[in-house]
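1. Turn this into a model:
(chains A and B)
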Amino acid sequence: MKERESKLRIKSMLCCLAMLSGLMTTACASQGGNAGASEKKIYVIGQTEGMQFWDNVKLGAEQAAEEFHYDMHFSCSKSVSDIEGQIKLMEEAISSHADAIVIAPNNSDALADTVKKAKDAGIAVVAIDADFNDMSMRSSYVGTNNLTSGKIAGRHATEAFEDIQNDKVLIVTHSETAASAQQRVGGFQSVVGPYYGSQMQAIAMAAREDAMKQAMAQAQAGGNNENGENAGGPPEGIGGPPDGAGGPPDGAGGPPDGAGGPPEGVGGAPEGVGGSPSGEGGAPEGAQGSPIAAVLNCGGDVNIAKAQTMEQLKQNPDIKIVYATNETSTLGVCQAIQEMEYDPDELTVIGFNSNEAEIQYLRNGVLDALIIQHPYNMGYLGVHYAGQVSRGSSVSALEDTGSMYVTMDNLESEEVQLFLDPAGFTN
Amino acid sequence: MANNAKEKKSSGGLGYAILAVVFALVMLLNFGLLNWTYNRAIQTFNLTSNESRTLNSANGILQSVNEQFMQIVAQLGIPQQHLGTIAGMFPAVKNAMNEFESLEGHDELAERRFKHARAYVDAYEQKMIEYRTQLTNLLEAGDEDALNAFYAQLPDIYESEIAPIQAAASQMLTATTSIMASAANARTVSLTRMMNVVRLIMLGILVLGEIAILFAARFRKRANEEISRKTAQFADASTKLMRSREKMEDIAVISILTGLKNRYALEQDLGDRLAEEQFNIAVFDMDNFRSINDTYGYEFGDEYLAQVAERLKTEFDQFADIYNITGNEFCFVFKRTVSDTQAIRLVDSIAAVMSSPYTIFNLTVQLSVSASTYHYLAGDCLNVNSLLVKMDNVLRNAKRAGGGQILQVVNI
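-> Have a look, this model is predicted:
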């Protein structure tokens, strides 16, 4: 009896040992399997649903989440003007106890309260594509240096002027409030305005020189002239630099740094829709000295962009250069030009971003150039940095993902393809 | 029975042996795991160090390339020198990246990011080659206007073609490093956990071992206690057995009625002495004792004998060994210390005691006593029986003569 009892005890001890070992092994396996997992929850909030640009942002965000083991949730507001939608998405992220929010703000100021609420809840905020006016609202901005990209567009636009005195530029922007739109327009104007001013000044100088030469020749040829007292002066209307042309006009030049507030020319955009050159900016004095025919705001809607562009082109045949600041505005402009059956050589069109339809417009000549951004890297680095910030690491406060000027000449090059087809290089 | 116990004992021993082997194996396994975990940790550390070193090196050189190109853009220094430096830097970048690729054990996702970074580095190098060639040609041609025009375009080229690729290459290389660090960290955490688990298992085994030892000690103690208890029980039983045996032996040699030794005892005690010793012996018989039994019953007679025996024991036990050889017949073997003369006197005293009145159940009875005495000499008789026959004959003669007489056995 006792023998049996002791045997039972030994058996039970062996069982305990086996169970313990089994438990440990299970623990090992489960821990090994979960070792790489992270509980960081990151919400990425884009600007516009259904845009290929945001699809690429999403791809980058997804791959970063995969590589760094984050739980990533991607969503977009309905359009770039849907501020309420973005606030709602942010509220959702806050109530879901997100660790970080990566957002492309539709309106820097309107989102301020919600961002503050998120930060108060300990949620890291990283801006992508469009920055906040108040940089303390975010830990990092990952995106295009929109001012630089605007300047690149502007520099190439200046090459397209054939008749600087008469050629006009139409700007179609996607938002009045988004900093990205403001800076792209500002950068563009900061190049085009001074260029126009210097060109006009040169023309005026040349005209004055010609007039002076003409006057001197007349004086020499006229001999005894009773009105000789007037001969030395320039003819009226020619003398001196014209008002708006002598320097960078306020409305066209934008702020010197281009990054501050919206340029006046952008702020007054709605009035500029009228098509009158005087309507392109809030600065009447700049109207005379600016090549900018109008700055239109389509609010991120292709159809509005198209309608506005058609109306402007009809009203102002001097428009020879069109600059669109994002995907929707570019598509609207292209559709308008196609519908109006413009000769591709008549207009120089510089668009923004790189969806398939835009690339197609570039291939068939409707578009002359595209400023392409790197949405994939915005999504990727945005999530990567958001994760780092939520872990308490410091990240670069400003990460320029770059922009490239793409024409048919370099469309197929590897560096452009790297920007256009990130999936091709990462899958 | 003995075999069965042996088998049980050996099966218990086997159990402990199996337990010990299992403990040893698990411990061995744990040591193996610990060793493996440690080696993995070292490997992870080395791999991460090498990965970071190669990627940081590549990234650092790329930034130097960028700085050199920026100096060309800003028209600082001698462009040919910058171009030469840039040309010499790319092989170093490639070497660092090739070294990275040759390392084994990369995280799969880090590898994907590295390939992406490599594509940017390659594109960046192509761009550099393109503009380096263009600038070299212009410098060699010595066309100032063309050169100035090129320099005028360079900031734009840098901003829209060079910087974005360089930035992306750098960002992706840094991201690769971060992924590797993250993966290494995860691996380290996992290994640390595993190490802790192994330690826990070892601790568990040690605790179980301790428990096993305690149990074994307890079993042993209980078994010892059981043996002691059984030994005590056995000893007790043995004592009891011995006592009962003694008792039985006593019963065999002692008269139940009188408590005196019986005839068998006489035979045992005297048997060995007959051939070599001399002694005085006397046999007493109460005359007509049968009439007592017949008159008052056996119970009365028994009580009478018991009282007589009791008095005899009390008074003569020190002088002789007393035997109750039949119902009313008593035999006295005088001790060596009792002289012949003293023996004769004692015989008289005994006869006097026996024939004195006794009160039995409130009745006083008195019987005379006949006796035969024998000064036995060594070798007189072959056995006790013949001795008693001799003495009984003399006793019978005394009774025939009317009883109340003491006769001596005469040696022939």
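2. quick one, what contacts the residue nearest to residue B:374 when sequence neighbours are not counted?
-> Spatially, and ignoring its direct neighbours in sequence, residue B:374 is nearest to residue B:409 (3.8 Å; C-beta to C-beta, 6 or more residues apart in numbering or on different chains). Glycine gets a C-beta too; all of them are placed from N, C-alpha and C. When contacts are counted by C-beta atoms under 8 Å, 6 or more residues apart in numbering or on different chains, residue B:409 touches B:372-375, B:390-391, B:394.
3. Quick check: phi and psi at residue B:409.
-> phi -80, psi 130 (degrees, to the nearest 10).
4. so how far is chain A from it?
-> 70 Å (C-beta to the nearest C-beta, to the nearest Å).
5. what do you get for residue B:282?
-> Distance, residue B:282 to chain A, by C-beta to the nearest C-beta: 65 Å.
6. Among the contacts of residue B:409, which are located in helices?
-> B:390-391, B:394 (DSSP state H).
7. Disregarding flanking residues, what is the spatial nearest neighbour of whatever residue of chain B ends up closest to chain A?
-> Nearest to chain A, among the residues of chain B, is residue B:164, at 2.5 Å (C-beta to the nearest C-beta). In this structure, residue B:164 finds its nearest non-sequential neighbour in residue A:402, 2.5 Å apart by C-beta to C-beta, 6+ apart.
8. State which helix of the chain is the longest.
-> I went with chain A, as the question did not name one. Chain A, longest helix under DSSP H: helix A:179-222.
9. try again with chain B
-> Max-length helix for chain B by DSSP H is helix B:163-253.
10. Next SSE downstream of that helix?
-> helix B:263-271 (DSSP states H and E).
11. residues of that next one that come out buried?
-> Judged by neighbour count (16 or more other C-beta atoms under 10 Å in any protein chain shown), helix B:263-271 contains these buried residues: B:263, B:265-267, B:270.
12. try stretch A:72-84
-> The neighbour-count check on stretch A:72-84 (16+ other C-beta under 10 Å) flags A:72-77, A:79-83 as buried.
13. From the residues you listed, which land in helices?
-> Among the buried residues of stretch A:72-84, DSSP H puts residue A:83 in helices.
14. Go through the buried residues of stretch A:72-84 and say which is closest to residue A:45.
-> Nearest to residue A:45 among those, counting by C-beta to C-beta, is residue A:75 at 5.8 Å.
15. so what's that closest one up against?
-> Counting by C-beta under 8 Å, 6+ apart, residue A:75 has contacts A:43-46, A:89.
16. ok, and the most crowded of those residues?
-> residue A:44 (31 neighbours; other C-beta atoms under 10 Å in any protein chain shown).
17. need the next SSE after the helix or strand hosting that residue, C-terminal direction.
-> For residue A:44, the host element (DSSP H and E) is strand A:41-46. With elements assigned by DSSP H and E, the helix or strand that comes after strand A:41-46 is helix A:52-68.
18. Return the angle between stretch directions for that next one and strand A:41-46.
-> Using axes from the mean of the first three to the mean of the last three C-alpha atoms, to 10 degrees, one finds that helix A:52-68 and strand A:41-46 are set 170 degrees apart in direction.
19. so what secondary structure elements neighbour the strand holding residue A:44?
-> Packed against strand A:41-46 by the contact rule (3 or more C-beta pairs under 8 Å, 6 or more residues apart in numbering or on different chains; DSSP states H and E) you find helix A:52-68, strand A:71-76, helix A:83-95, strand A:100-103, helix A:375-390.
20. Kindly compare burial across the ones you listed and name the winner.
-> strand A:100-103 (a mean of 31; mean count of other C-beta atoms under 10 Å in any protein chain shown).
21. and that one, which strands flank it?
-> strand A:41-46 (parallel), strand A:124-128 (parallel) (DSSP bridges).
22. Send me the first one as PDB with only the CA atoms.
-> What follows is the C-alpha trace of strand A:41-46 in PDB, where atoms were taken according to Å, rounded to 0.1, in the frame of the first residue of the first chain:
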ATOM      1  CA  LYS A  41      -0.900  52.100 -32.800                       C
ATOM      2  CA  ILE A  42      -0.400  54.800 -35.500                       C
ATOM      3  CA  TYR A  43      -3.200  56.600 -37.300                       C
ATOM      4  CA  VAL A  44      -2.400  58.100 -40.700                       C
ATOM      5  CA  ILE A  45      -4.900  60.700 -41.900                       C
ATOM      6  CA  GLY A  46      -4.600  61.900 -45.500                       C
END
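23. Just checking the distance from the longest helix of chain A to the centre of its chain.
-> On the basis of C-alpha atoms, centre = their mean, to the nearest Å, helix A:179-222 sits 30 Å off its chain's mean C-alpha point.
24. Is there proximity between it and chain B?
-> No. Among the residues of helix A:179-222, none lie within reach of chain B under C-beta under 8 Å from any C-beta of the partner chain; the closest is 9.9 Å away.
25. how much does that helix deviate in direction from strand A:124-128?
-> 40 degrees.
26. any idea of the mean pLDDT in helix A:179-222?
-> Average pLDDT, helix A:179-222: 89.
27. Show me what it is packed against.
-> helix A:146-160, strand A:168-173, helix A:250-253, helix A:264-267, strand A:292-297.
28. could you dump the ones you listed to TSV with mean neighbour count, mean pLDDT and distance to chain B?
-> Formatted as TSV, the helices and strands packed on helix A:179-222 follow (neighbours: other C-beta atoms under 10 Å in any protein chain shown; pLDDT from 0 to 100; distance: least, C-beta to the nearest C-beta, whole Å):
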stretch	mean neighbour count	mean pLDDT	distance to chain B
helix A:146-160	23	92	5
strand A:168-173	28	95	18
helix A:250-253	27	39	19
helix A:264-267	24	37	22
strand A:292-297	28	94	21
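29. Switch those over to a markdown table; also include distance to residue B:142.
-> Output for these, formatted as a markdown table (distance: least, C-beta to C-beta, whole Å):
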| stretch | distance to residue B:142 |
| --- | --- |
| helix A:146-160 | 26 |
| strand A:168-173 | 38 |
| helix A:250-253 | 38 |
| helix A:264-267 | 44 |
| strand A:292-297 | 41 |
